[in-house]
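Asks: Quick one: sequence plus predicted model below, questions after.
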Amino acid sequence: MSAVDLVIKGAQLPDGKAADVCIQGDSIIDVTSSYKGESVTTIDAKGCIVLPGLVDLHTHLREPGREDAETVLSGSKAGAKGGFTALSAMANTSPVADTAGVVEQVLRLGQEAGLLDVFPIGAVTQGLKGETLSEIGAMADSVARVRVFSDDGNCVSDPLVMRRALEYIKKFGGVIAQHAQDPRMTVGSQMNEGELSARLGLKGWPAVAEEAIIARDVLLADHVQSRLHICHLTTAGGVEIIRWAKARGINVTAEVTPHHLLLTDDLATSYDPIFKVNPPLRTEADVYALREALADGTIDIVATDHAPHPLEAKECEWQEAAFGMLGLETALSIVQMTMVNSGLMSWQQVADRMSHKPASIGGYEHQGQRIEKGSFANLVVINPTKLWRVDRDLVLSNSSNTPYHGHELPGVVEHTVFKGKQTVMNGQISRVGGK
Amino acid sequence: MRHLLSIADLSKIEAISILDTAIELARVSDGAVKKLPTLRGRTIVNLFAEDSTRTRISFEAAAKRLSADVINFSAKGSSISKGESLKDTAMTLQAMGADAVVIRHSASGAAQRLADSQWMSGSVVNAGDGTHEHPSQALLDAFTIRKHLGLGKSDLAGLSVAIVGDILHSRVARSNVLLLSKLGAKVTLVAPPTLLPVGVESWPASVSYDFDSVIPFVDVVMMLRVQQERMTEMYFPNAREYSRYFGLNSNRMKSMKQGAIVMHPGPMNRGLEISADVADSSRSVITEQVTNGVSVRMAILYVLLTGGSLDAGGN
């Protein structure tokens, strides 16, 4: 046998067994206990864990329109650094991704960056206004083959519009990813409504504004027999509704962000808008309910809701500041810290929640495959015993609004492999410009 | 003490010390020459990013009576109205050498942002931030209660105070609940349930929806302004109904305890939360609050900028 392109030696697979993963071209050609042959490149991965490349179903890449905050290229770098081999570009760009033209542009920018797959998400309604359906069919039939539709940032609050959208996407097996936030109940809302918002004088964002929409939409999805995905679930009550809906057989999936698995609303006490995010940070009881739900599968996936903002959007008064925080480069570390190190989840489950399931929800065929012969070589090698310190001045994103600045986190992404090529080598971006 | 951002940051001793200092400084205001040289050569900036008349004038008078140089910086006609950020405004003030900034701002936490940031190094006095706090108002209210009810230099133990109206949006209520309870008073919040914040149970105050059941038992009735915009936001059916249940009129005033007083931070909506005859009655200490405001703000600036308080009987 001639030399293979790349061998990852001695890494622990998600199931806990150590193996050598052999890669030729863009595929895994063998997974063996001990590879004895030649290889062009060898990664010594003893003590590391190899997972299928991470897939993010919820990323704000800001291009077109806000390239000062992020570009498809800078977001791709941040994603690769965080162990991702696929991102889903949210539609709330400027112009909005509500036509085939815009989603094809984002797809092309992703291919040019070449560091990972960028799957554009299409807007449900024109201009995210919640009034008229966007050209969903044209986006689905475009080169971008859009399957996930979302007005994220805004809620599809009109029940009739939501019903129609859910029905329409059945034509090609799509999914509506709902940003569950009743707009009337959250006019001017700044943080989780509770004892703390009352004390701080910041307008409350009540849990019921999220839960009421989730409850309505699982019933709608049931009624029209379509597929619903709930973005960034944040409340214990929302978890209960999803649990009920799944028990009833309703076709619903849900995501949780890394920051909602860790951070709580008391961080607003500083009035530092680095902690301002939508939906807001909730209480400790919510955090524990979310962790439990992610572990037991009620919540299907982790998605970053990576939301870059320029400095001036955060260096101001809380109520003037933009909502959102960076997530791509820290997601895996936060999941390791909150879910694996706490004993709630195995690495196999991490692979499921951060790769297999999100790829399956998005219909991303070449992503989220098992680490086995014949699969596409989309992989991440992480050292779970190493610690690293987050430095907002060193992030690869164009923005620096990470809430973890100065914090020491577990788990270092040593290597990311995208379609057989190393995009991250020893923690550094190694390759830009695929095509 | 470097800043005054929230009553929560004050110990009871510090609060009493400010009130005692204000008693001493009030004598200056009563004298023929209303001026002390204490802050000569110091610069105090009144940064009023939200409209205000009485608080701004009160701080200005206080600073001038302590001989400080005062710069007034208001939203209208300033760089703020041109969209300048708080950061740039703060850095400008720093460059001008402000020793203290008195800030009024529509954003909750704006004063704290100014104090915590590296944008400027002077003292920060919160003169009202959004719906968060208005500590100098609470201090002048406590001062007025103490003075008017003849409590000398003691705390407010044994007193009952009702705060009536829009608690949800009131920074005056937040600061007063914290301060009056700290000083030993029993505070009752009276409002329709829609105008009480979620989580109010955790505040050091009791809650009532029934003004009439509370009014005979309190020593102080503090009425809060009902903002015009609340009318259209469905917090209550209409102004007349609000007035009927939560307004203080002469009929309701008759059931007040002997010697009990009526307060209002102003500006008043006469005929809505308070009737004109009550506002002008002998129980009303509303104009006295304004007078006391200057002494209390002198005390605040004195304590923050000189680092000390005036001893009782001193000067």
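Replies: Received it, and whenever you're ready, just let me know what you need. Keep in mind that what you see is a predicted model, and the values were worked out from it rather than measured. Residues are numbered from 1 along each chain as shown, chains lettered A, B, ... in the order given.

Asks: tell me, how many neighbours does residue 255 end up with?
Replies: Using chain A here. 26 (other CB atoms under 10 Å in any protein chain shown). For glycine as for every other residue, the C-beta is placed from the backbone atoms N, C-alpha and C.

Asks: look at chain B instead
Replies: 12.

Asks: hang on, isn't it packed against residue B:218?
Replies: No: counting by CB atoms under 8 Å, residue B:255 does not reach residue B:218; the two are 10.5 Å apart.

Asks: tell me the pLDDT at the most centrally placed residue in chain A?
Replies: Centroid check for chain A by CA atoms, centre = their mean gives residue A:303 as the closest residue, at 2.6 Å. Looking at residue A:303, its pLDDT reads 98.

Asks: do residue B:310 as well
Replies: 65.

Asks: residues touching the residue most central in space within chain B, list them.
Replies: The centroid of chain B falls nearest to residue B:137 when counting by CA atoms, centre = their mean (1.2 Å). By CB atoms under 8 Å, 6 or more residues apart in numbering or on different chains, residue B:137 lies in contact with B:55, B:128, B:171, B:172, B:175, B:176, B:265, B:293.

Asks: Out of those, which sit inside strands?
Replies: residue B:128 (DSSP state E).

Asks: Looking at the contacts of residue B:137, state which has the most neighbours.
Replies: Going by other CB under 10 Å, residue B:176 tops these with 32 neighbours.

Asks: For burial, what's the neighbour tally of the closest residue to it other than its chain neighbours?
Replies: Excluding its sequence neighbours, the residue lying closest to residue B:176 (CB to CB, 6 or more residues apart in numbering or on different chains) is residue B:138, at 4.6 Å. Using other CB under 10 Å, residue B:138 has 27 other residues around it.

Asks: Please report the distance of residue B:138 from residue A:151.
Replies: Residue B:138 sits 44 Å away from residue A:151, taking CB to CB, to the nearest Å as the criterion.

Asks: got the contact list for whatever residue of the stretch 301-435 of chain A ends up closest to chain B?
Replies: Residue of the stretch 301-435 of chain A nearest chain B, by CB to the nearest CB: residue A:317 (3.6 Å). Residue A:317 is in contact with A:271, A:273, B:86, B:105, B:107, B:109, B:110, B:113, counting by CB under 8 Å, 6+ apart.

Asks: count of neighbours near residue 305?
Replies: Reading this off chain A. Residue A:305: 29 neighbours (other CB under 10 Å).

Asks: Please refer instead to chain B.
Replies: 21.

Asks: do the same with residue A:393
Replies: 6.

Asks: In a helix, it, correct?
Replies: Yes: assessed by DSSP: H, G, I helix; E, B strand; the rest coil, residue A:393 belongs to a helix.

Asks: what about residue A:416, which SS state?
Replies: strand.

Asks: what do you get for residue A:308?
Replies: coil.

Asks: give me phi/psi at residue A:205?
Replies: phi -120, psi 90 (degrees, to the nearest 10).

Asks: Report the contact partners of it.
Replies: Per CB under 8 Å, 6+ apart, neighbours of residue A:205: A:181, A:186, A:189, A:190, A:191, A:192, A:193, A:197, A:278, A:279, A:280.

Asks: separation between the fourth one and chain B?
Replies: Residue A:190 sits 8 Å away from chain B, taking CB to the nearest CB, to the nearest Å as the criterion.

Asks: so who does that residue touch?
Replies: So residue A:190 contacts A:197, A:202, A:203, A:204, A:205, A:276, A:280, A:318, A:319, B:108 (CB under 8 Å, 6+ apart).

Asks: Drop anything exposed from the contacts of residue A:317.
Replies: A:271, A:273, B:86, B:105, B:107, B:109, B:110, B:113 (16 or more other CB atoms under 10 Å in any protein chain shown).

Asks: Which of those fall within helices?
Replies: Applying DSSP state H to the buried ones among the contacts of residue A:317, the entries found in helices are B:86, B:110, B:113.

Asks: Secondary structure element holding the nearest residue to residue A:430 once chain neighbours are set aside?
Replies: Nearest non-adjacent residue to residue A:430, counting by CB to CB, 6+ apart: residue A:422, 5.3 Å away. Assigned by DSSP states H and E, residue A:422 belongs to strand A:421-425.

Asks: residues near whichever residue of the stretch 201-315 of chain B sits closest to chain A, how many?
Replies: Nearest residue of the stretch 201-315 of chain B to chain A (CB to the nearest CB) works out as residue B:202 at 4.8 Å. Neighbour count for residue B:202, taken as other CB under 10 Å: 12.

Asks: now residue A:92: how far from residue A:19?
Replies: 42 Å.

Asks: Would you mind naming what in the stretch 151-300 of chain A lies close to chain B?
Replies: Residues of the stretch 151-300 of chain A lying close to chain B (CB under 8 Å from any CB of the partner chain) are A:190, A:193-204, A:206, A:270-272.

Asks: Apply the buried test to those residues and list what passes.
Replies: By 16+ other CB under 10 Å, these give A:190, A:193-204, A:206, A:271-272 as buried.

Asks: Enumerate every residue touching residue B:45.
Replies: B:70, B:71, B:72, B:73, B:93, B:96, B:98, B:100, B:101, B:102.

Asks: Distance of the last one relative to chain A?
Replies: When CB to the nearest CB is applied, the distance between residue B:102 and chain A equals 17 Å.

Asks: before we move on, which element is that residue in?
Replies: Counting by DSSP H and E, residue B:102 is found in strand B:100-105.

Asks: what does the second one give?
Replies: With the criterion set as DSSP H and E, the secondary-structure element containing residue B:71 is strand B:69-74.

Asks: Mind listing the strands that strand pairs with, and their directions?
Replies: Strands that pair with strand B:69-74, judged by DSSP bridges, come out as strand B:43-48 (parallel).

Asks: secondary structure class for residue B:139?
Replies: helix.

Asks: what's around it, how many residues?
Replies: Residue B:139: 26 neighbours (other CB under 10 Å).

Asks: and the gap between it and residue B:109?
Replies: 20 Å.

Asks: Now the terminal residues of stretch B:23-40, how far apart.
Replies: 21 Å (CA to CA, to the nearest Å).

Asks: pLDDT wise, what is the residue lying farthest from the centre of chain B at?
Replies: What lies farthest from the middle of chain B is residue B:95; by CA atoms, centre = their mean that is 29.4 Å. Note on residue B:95: pLDDT of 88.

Asks: Check residue B:200 too.
Replies: pLDDT at residue B:200 comes out at 96.

Asks: I figured the residue of the stretch 201-315 of chain B closest to chain A was touching residue A:196, is that so?
Replies: No: Residue B:202 is not in contact with residue A:196 according to CB under 8 Å; the separation is 9.5 Å.

Asks: Near residue B:83, how many other residues are there?
Replies: 7.

Asks: Which helix or strand contains it?
Replies: Short version, using DSSP H and E: residue B:83 is in no helix or strand.

Asks: Please apply the same query to residue A:31.
Replies: Going by DSSP H and E, residue A:31 is in strand A:27-32.
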